[in-house]
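> Below are the sequence and a predicted model; questions follow.
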Amino acid sequence: MPMRLLIVLVLLLSMAPTARADHHENSMPAKLALENLMRASLEGVEDTEVIVSRVTIPPNTELPRHWHPGEEFAYVVSGSVTLWQEGEEDVTMPAGGVGKVPLRKVHTAITGDEGCELIVFRVHANGEPERVLVEEGR
């Protein structure tokens with residue numbers, strides 16, 4: 001039953017007020033913005049938490065390479081983003097697109113001229129850092 005509740009939560013949050021009809025690419029802020037919307041224990045799975053965040057990545061930006069101590073799921077609210085994952089083909093996701101990053105997979109997000117806004121869901125062990133930066137060249 002807890003997994004069904006998580007799925008319902010994911011669907012509800014993907015329709016959050018961030019997907020406003022008056023939101024245009026030109027209104028993207030000039031800097032990266034990350035807002036944690038929720039942090040909660042995952043019922044029925046000991047020592048596991050879910051973090052839901054709204055992430056705005058400005059145009060022509062590449063985030064530092066990093067990994068998470070759990071799985072990450074993303075829904076593109078507006079704009080588009082290219083997901084780079086170590087050893088994988090790049091995947092470009094337009095508005096309405098979804099992506100998944102496996103546990104501890106080194107990855108980054110790259111935007112073009114329009115930037116993007118994402119809703120990101122991370123599921124990982126309680127007390128672990130949200131992300132671990134990777135030094136370039138590793």
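Received it, and whenever you're ready, just let me know what you need. Numbering: from 1, shown residues only.
> OK, contacts around the closest residue to residue 61 other than its chain neighbours?
Counting by CB to CB, 6 or more residues apart in numbering, residue 61 lies nearest to residue 111, which is 5.1 Å off, once chain neighbours are set aside. Where C-beta positions appear, they are placed from N, C-alpha and C, glycine not excepted. Each residue near residue 111 by CB atoms under 8 Å, 6 or more residues apart in numbering is listed here: 57, 58, 59, 60, 61, 62, 79, 80, 81, 82.
> Angles on the backbone of residue 111, please.
The phi/psi pair for residue 111 (degrees, to the nearest 10) reads phi -110, psi 160.
> Model confidence for it, exactly?
pLDDT for residue 111: 97.
> ok, and the most crowded of the contacts of residue 111?
With neighbours defined as other CB atoms under 10 Å, the most crowded of the contacts of residue 111 is residue 81; it has 28 neighbours.
> and the nearest residue to it once chain neighbours are set aside, how many neighbours does it have?
With sequence-adjacent residues excluded and distances taken as CB to CB, 6+ apart, residue 81 is closest to residue 116, at 4.3 Å. Neighbour count for residue 116, taken as other CB under 10 Å: 28.
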